[in-house]
Each structure stands twice: as C-alpha cells, then as structure tokens.
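Quick one, what's the 3D model for this:
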Amino acid sequence: MDIIESRIDTASDEYRKNYEAMNVLVTELKAELHKARNDRSEKALKRHEESGKMPAQKKLELLLDRNTPFLELAPLAARGMYDGKVHAAGTLAGIGIVEGKEVLVNINDATIKGGSVYPMGVKKALRLQQIAMENRLPGIGLVDSAGAYLPMQSEIFPDIDDGGRVFYNQALMSKMGIPQITAVMGLCTAGGAYGVAMSDEIVHVKGHGAIFLGGPPLVKAATGEEVTADDLGGAIVHTSESGVSDYLAEDDADAIRIIRNIMKNLPPTDKHPLPMLPPEPPLYDPKEIYGIVSRDLAVPYDCREIIARMVDGSRFLEFKENYGSTLVTGWAHIHGFPVGILGNNGILFSESALKATQFIQLCDKRRIPLLFLQNINGFIIGKAYERGGITKNGHKMVNAVSTATVPKFTVVVGASFGAGNYAMCGRAYSPRFLWMWPNAEIGVMGGPQAADVLVSITNDQNARLGKPPLTQDEVDFLKVPIIQAARKEGNAYYSTANLWDDGIIDPAKTRDVLGIAISASLNAPIRDDAYGYGVFRM
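Below you'll find the predicted structure:
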C-alpha cells in the first residue's frame with residue numbers, strides 16, 4: 001500500500017486557528033466527561049460508603065485485567081435531562097477485558113438517584129444488549145438498583161422499546177449462548193429482580209445485596225407482613241433456600257473475585273480470523289487532526305489527511321481514485337486489522353454512489369470490516385442530476401450499506417445531514433458502533449438551509465394567494481427560531497444525550513477506539529445465511 005503524502009502545512013495560520021478551535025472543543029469534552037464521572041452529592045457518597053459499598057469506578061478497576069484498555073460507552077447519555085444529575089443514564093458501561101476475554105460491563109451507579117432507572121437508562125440498557133448480541137460479548141452486570149423511577153413509569157414500562165424488552169433480550173442472549181454473569185451488590189427490586197434471575201450465574205453479596213419482586217414497604221401494604229430486606233431477599237435466603245443465587249460473597253471485592261473466577265472458567269472464544277498485519281502507528285501525529293478539520297463545517301478539507309493519521313503506517317490503497325472524487329474509498333489497517341474505508345470529500349453524486357456500492361460489495365465478499373467517515377451534506381439535487389439517475393444510484397449505495405454483513409463502524413467527523421447520513425451508515429443502518437467528534441452536527445439539513453427552505457415555501461404560498469413576499473422582519477421572525485433549534489438539536493451533545501451515538505470521542509483517539517471496537521466485533525461470525533443483496537435498480 002502507498003503511504004499517504006500529507007500536504008498539510010502545520011505552520012500555517014489556518015492550521016493554527018483550526019487546531020485551537022478543536023482543542024477548545026476537546027477540553028470542553030474532557031470537562032463534561034469528568035463531571036459525568038464525579039458529580040455526586042456528598043450525601044449520596046456518604047450513604048454509599050456507610051453501607052459498605054464500593055464506588056462504581058472502583059468496582060470497574062477491580063474487575064478488569066490490569067493495564068488493559070476499556071472503551072466506555074454512552075458516558076454522556078441523558079446529559080442535561082431530568083434534573084441534570086442522572087449522569088451516564090445511571091450506569092457505567094463499556095467493553096473491557098476480564099481474564100483475557102472481551103466482555104461488556106454494565107455497572108449501576110447507586111450514588112445517582114439510588115440506582116433508579118430513568119427512561120434513558122432503559123434505552124442505554126437496550127443499546128448495550130444490542131452490542132452484546134451483535135458482537136457475541138459476554139455480559140457482566142454489577143447490579144444495585146432501586147428499580148424504575150415510578151413518576152416516569154409510562155415512559156419505562158409498556159412499549160416494545162421499554163423495560164420489558166430488557167428481559168426479552170436476556171432470553172434471546174441465553175438462547176444465543178452469550179454468557180450473562182451478574183453480581184447482586186444492592187437492592188434488586190421488581191424488574192431489577194427479573195433481570196438478575198434471568199442471568200446464567202449470580203453472585204450475591206451478603207449484607208447489602210437483596211432480590212425481591214416487591215420490597216418490604218410493598219409487602220406490608222399488600223399483605224400486612226413486616227419483614228426486613230435481608231430476610232425477604234438477602235444473600236442467605238437466595239443462596240441457601242430459594243436457589244436464585246449461585247455464589248455467596250462477603251463483600252463487593254469478594255463478589256468481583258468470584259466473577260473473575262467464573263470468567264476464567266468459561267470456554268475460550270473462537271474469534272473470527274482476519275488477515276492481520278503487525279500493528280504500527282501512523283506516520284503522522286494523530287493530534288494533527290485538530291488543525292486539519294476546519295472550524296467551519298462549510299469549509300471542506302481532504303479526508304485523506306485524517307485517514308493518514310488513523311491508519312497503520314499511514315498506508316492506504318485507494319480504490320477508483322479518479323472516479324467519483326467526492327467520496328474516497330480504499331483499504332488500510334488499524335491496529336493490524338484490515339478495514340475498508342469510505343470518507344466524504346463533498347456531496348454524493350451518482351458516480352460516488354456507484355463507486356461506494358462496488359467498494360462495499362468487494363469488502364463484503366472479502367469479509368473486510370467497513371469504516372465510514374461521515375462529513376456529508378447529502379446527495380446532489382437538480383434537474384440534470386435527476387435525469388442522470390441520482391435517485392436510483394443513491395438507492396444502490398443505501399441498499400449495499402443496509403445489506404452488507406461485515407461489521408460496520410461509523411465516525412461522524414463533521415456534518416451528517418439528510419440522506420447522506422443514511423448512505424454513510426448512520427445509526428438507522430446498524431453500524432456496530434457509531435461515534436461523534438465534538439465538532440460534529442447532525443440533522444435533516446443545516447439550520448440556515450432549513451430556514452431558507454421555509455422562507456421560499458412561504459413566499460411561494462403568498463404568491464399563489466396574491467400576497468406580497470415576506471418582509472425582512474418577517475423573514476427573520478421565521479428563520480431565527482429554526483436556526484436556534486437546529487443549533488441546539490443538531491450538536492454532538494444533543495445527539496449523545498439521546499443515545500443517537502455511542503459517545504463523543506477525542507479525534508486524536510479515534511484510531512485506538514476503532515481498534516478496540518474492531519477486535520470486539522470479531523467475537524461474532526462475520527457472515528450468516530443472510531448474505532446477499534436486494535434488487536439493484538437498472
């Protein structure tokens with residue numbers, strides 16, 4: 001493969017201004033992540049400590065193999081929602097290594113609302129299960145939850161994508177042979193009890209771990225019986241009498257020790273083999289991405305420059321370099337794993353869509369994972385392009401993206417608008433993982449463009465009714481709220497709070513994030529019996 005020859009002048013004024021702008025965004029991201037991990041009330045921390053429980057972060061440190069990477073997932077879920085204090089939707093979760101095996105870890109943080117589950121907590125749990133099922137990752141749950149937050153029960157309980165789906169998925173995961181190991185480290189009430197009981201193996205902490213369908217207050221209200229939490233569903237009850245729990249732990253540390261032994265006892269995973277190369281760092285410093293990415297989304301840059309700072313040795317075999325030039329396609333390696341990369345260098349024309357379709361088919365047949373680098377305003381529009389078949393050629397690309405069976409990974413590195421989001425494997429097209437850079441924006445279209453469209457439509461309507469066109473004041477009255485709403489709802493933090501992505505990441509760390517994700521994806525077979533494509537329009 002050829003080494004990408006960078007043409008970036010790192011001493012230029014433009015590079016410096018871009019670098020400073022991105023550095024500010026990354027600094028803000030780090031502050032948001034620190035807040036999500038550490039913003040807890042003194043009262044909650046004291047109560048947690050007095051009960052003999054470990055903080056969630058300490059549990060994670062004890063659980064994972066030493067000096068191994070951990071990829072946190074959705075760390076800013078529910079940011080700004082509810083009262084602004086339900087950080088990470090109440091759970092610390094991600095992919096790590098336990099006894100040499102890649103696992104999906106989900107830890108309730110009981111210092112957040114006593115572990116109560118809010119609607120976004122359910123959505124995050126379902127997303128984590130989807131990741132576990134798609135990538136065949138064993139699940140480890142460290143549970144300490146007061147159950148559903150009852151004032152919002154209508155948003156948690158009844159629908160297909162609400163709390164009951166969690167237990168449905170657990171049954172499917174069991175059928176798929178995906179191990180589910182759970183430690184009961186606090187109260188597990190109602191739905192929390194079902195979630196524990198449906199696990200393969202249960203470790204129960206003596207003293208503060210309890211499982212029951214209805215807690216002592218509900219038992220008293222329903223039957224008049226007075227009982228303590230420990231007598232109702234404590235570790236001795238469930239390990240000695242009911243048989244719900246399988247292992248008795250003295251404390252949180254002992255429970256984690258037992259879980260590590262359980263993981264050691266699991267059979268090894270036969271990961272899907274890929275033709276690996278020895279990993280090597282990029283030729284260029286990944287942090288130079290800060291100065292390459294324009295601080296203005298409307299200003300283009302060559303995506304080859306960011307590819308050069310992500311891939312091994314900055315080597316890239318470009319496919320159809322001189323055809324469909326607004327889309328860059330080609331092969332590279334990331335941490336030794338082969339990948340097929342599609343990166344935007346402008347809007348999608350018929351040629352770029354056809355090029356993408358062929359490239360995706362090649363990667364799919366060769367079982368090479370796909371990486372989409374999204375910076376896209378959409379497909380070209382206009383009379384000549386419609387006559388040239390942009391609609392049917394865009395369909396070919398969307399079809400290929402939808403039906404490809406290899407693992408797909410998406411990073412939104414800039415704009416993600418309209419059908420361009422779809423064609424470049426947006427969330428609706430089931431990439432195994434999707435991340436945003438802090439400068440990224442997402443929406444049907446940009447705010448100014450949406451506002452201009454509305455003004456144009458309104459003036460057309462006025463013309464048909466014999467009314468004069470809008471005055472400048474009326475134009476501003478229409479445009480300002482649309483632009484403000486787009487700015488609020490289109491930024492990366494709004495996306496990640498709503499779990500439209502798996503997290504906002506530092507651009508300089510994209511390569512390492514992808515390395516962990518690609519490795520995790522290989523725990524599942526790359527291809528099943530559904531290999532093939534739908535009908536491509538002629």
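
lowest-pLDDT helix or strand in the chain?
When the helices and strands of the chain are scored by mean pLDDT, DSSP states H and E, strand 147-148 comes last with a mean of 80.

residue boundaries of the helices in the stretch 151-300 of the chain?
Per DSSP state H, counting those that start in this stretch, the stretch 151-300 of the chain carries helices over the ranges 164-175, 191-197, 216-223, 229-233, 235-236, 252-265, 289-292.

for the longest one, packing partners?
Pointing back at helix 252-265 there. Applying 3 or more C-beta pairs under 8 Å, 6 or more residues apart in numbering; DSSP states H and E, one finds that helix 252-265 makes contact with helix 56-63, strand 91-98, strand 139-145, strand 180-189, strand 201-205, strand 247-249. For glycine as for every other residue, the C-beta is placed from the backbone atoms N, C-alpha and C.

And for that helix, what's in contact with it?
52-54, 59, 62-63, 98-99, 101, 103, 138, 140, 142, 181, 183, 185, 201, 203-205, 247, 249 (C-beta atoms under 8 Å, 6 or more residues apart in numbering).

residues of it that come out buried?
Across helix 252-265, burial judged by 16 or more other C-beta atoms under 10 Å covers Asp252, Asp254, Ala255, Ile256, Arg257, Ile258, Ile259, Arg260, Ile262, Met263.

State the mean pLDDT of it.
In this model, helix 252-265 has a mean pLDDT of 98.

quick one: that helix to strand 201-205, angle?
160 degrees (axes from the mean of the first three to the mean of the last three C-alpha atoms, to 10 degrees).

Can you give the distance from helix 252-265 to the centre of its chain?
In terms of C-alpha atoms, centre = their mean, to the nearest Å, the centre of helix 252-265 is set 27 Å apart from its chain centre.

what does stretch 240-259 give?
With C-alpha atoms, centre = their mean, you get 31 Å for stretch 240-259.

Tabulate the helices of the stretch 151-300 of the chain in a markdown table, adding columns for distance to Met22.
Shown next, in a markdown table, are the helices of the stretch 151-300 of the chain (distance: least, C-beta to C-beta, whole Å):
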| stretch | distance to Met22 |
| --- | --- |
| helix 164-175 | 38 |
| helix 191-197 | 41 |
| helix 216-223 | 52 |
| helix 229-233 | 50 |
| helix 235-236 | 50 |
| helix 252-265 | 38 |
| helix 289-292 | 4 |
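
Between those, which one is closest to Thr496.
Smallest distance to Thr496 across these (C-beta to C-beta): 19.3 Å, for helix 289-292.

Summarise which helices and strands that closest one is packed against.
Counting by 3+ C-beta pairs under 8 Å, 6+ apart, helix 289-292 packs on helix 13-38, helix 303-307.

Could you identify which of the ones you listed is most buried?
Mean neighbours per residue, mean count of other C-beta atoms under 10 Å, is largest over these for helix 303-307, with a mean of 22.

Following the chain past that one, name the next helix or strand.
Going down the chain from helix 303-307, the next helix or strand is strand 315-319, by DSSP states H and E.

Give the partner strands of that next one in its sheet and their orientations.
Using DSSP bridges, strand 315-319 pairs in its sheet with strand 2-3 (antiparallel), strand 327-334 (antiparallel).

ok, back up a step: I'd like the helices and strands packed on helix 289-292 as CSV, with distance to Ala404 appended.
Formatted as CSV, those follow (distance: least, C-beta to C-beta, whole Å):
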stretch, distance to Ala404
helix 13-38, 31
helix 303-307, 20
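
and those helices as TSV, adding mean pLDDT and distance to Pro69?
Formatted as TSV, these follow (pLDDT from 0 to 100; distance: least, C-beta to C-beta, whole Å):
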stretch	mean pLDDT	distance to Pro69
helix 13-38	98	16
helix 303-307	98	22
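
Of all those, which one is nearest Tyr493?
That would be helix 13-38 among those, by C-beta to C-beta, at 7.4 Å.

quick one: the helix or strand that the closest one is followed by to chain centroid distance?
Downstream of helix 13-38, the next assigned helix or strand under DSSP H and E is helix 42-50. Computed by C-alpha atoms, centre = their mean, the chain-centroid distance of helix 42-50 equals 31 Å.

same question, stretch 452-463
The answer for stretch 452-463 is 38 Å, by C-alpha atoms, centre = their mean.

which stretches of the stretch 1-150 of the chain have low pLDDT?
Residues of the stretch 1-150 of the chain meeting the criterion pLDDT under 70: none.

Out of the helices of the stretch 151-300 of the chain, the one nearest Leu342 is which?
helix 289-292 (17.8 Å).

what sits up against that closest one?
8, 10, 15-16, 18-19, 22-23, 26, 301, 305-306, 309, 507-508, 510.

same for the helix or strand containing Ala132, what does it pack against?
According to DSSP H and E, Ala132 maps onto helix 119-135. In terms of contacts (3+ C-beta pairs under 8 Å, 6+ apart), helix 119-135 is packed against strand 91-98, strand 101-108, strand 139-145, helix 164-175, helix 510-521.

Identify each buried residue in it, please.
In helix 119-135, counting by 16+ other C-beta under 10 Å, buried: 119-129, 131-135.

if we take those residues, which one ends up nearest to Lys30?
Lys124 (21.4 Å).

Surely the closest one is in contact with Thr91?
Yes - Lys124 lies in contact with Thr91 (C-beta atoms under 8 Å); the separation is 6.2 Å.

what are the phi and psi angles of Leu71?
Leu71 adopts backbone torsions of phi -100, psi 100, taken as degrees, to the nearest 10.

how many neighbours does Ser154 have?
Residues near Ser154, counting by other C-beta atoms under 10 Å, number 10.

Distance check, it against Thr189.
19 Å (C-beta to C-beta, to the nearest Å).

and the residue lying closest to Val26 once chain neighbours are set aside, how many neighbours?
Spatial nearest neighbour of Val26, chain neighbours left out: Asp506 (5.2 Å); criterion: C-beta to C-beta, 6 or more residues apart in numbering. By other C-beta under 10 Å, the residues close to Asp506 number 20.

Quick check, Asp506 in contact with Leu29.
Yes - the pair Asp506 / Leu29 is scored as a contact, 6.6 Å apart, by C-beta under 8 Å.

shared neighbours, the two?
Joint contacts of Asp506 and Leu29 (C-beta under 8 Å, 6+ apart) are Pro438.

ok, back up a step: for the strands paired with strand 315-319, which has the smallest mean pLDDT value?
For the strands paired with strand 315-319, where the average pLDDT is lowest is strand 2-3, sitting at a mean of 95.

tell me the secondary structure for the residue of the chain most remote from its centre?
Farthest-out residue of the chain from its mean C-alpha position, per C-alpha atoms, centre = their mean: Gly466, at 50.6 Å. Following DSSP: H, G, I helix; E, B strand; the rest coil, the label given to Gly466 is coil.

Tell me, how many residues neighbour Asn375?
Neighbours of Asn375 (other C-beta under 10 Å): 27.

For it, grab phi and psi.
phi -150, psi 80.

Can you tell me how far Ala353 is from Leu434?
21 Å.

and the nearest residue to Glu318 once chain neighbours are set aside, what does it touch?
Closest residue to Glu318 apart from its sequence neighbours, by C-beta to C-beta, 6+ apart: Gly330 at 4.0 Å. Applying C-beta under 8 Å, 6+ apart to Gly330 gives the contacts Phe316, Leu317, Glu318, Phe319, Glu321, Gly340, Ile341.

and if you look at Gly191?
Gly191 neighbours (C-beta under 8 Å, 6+ apart): Val117, Gly147, Ala148, Gly163, Gly164, Val166, Phe167.
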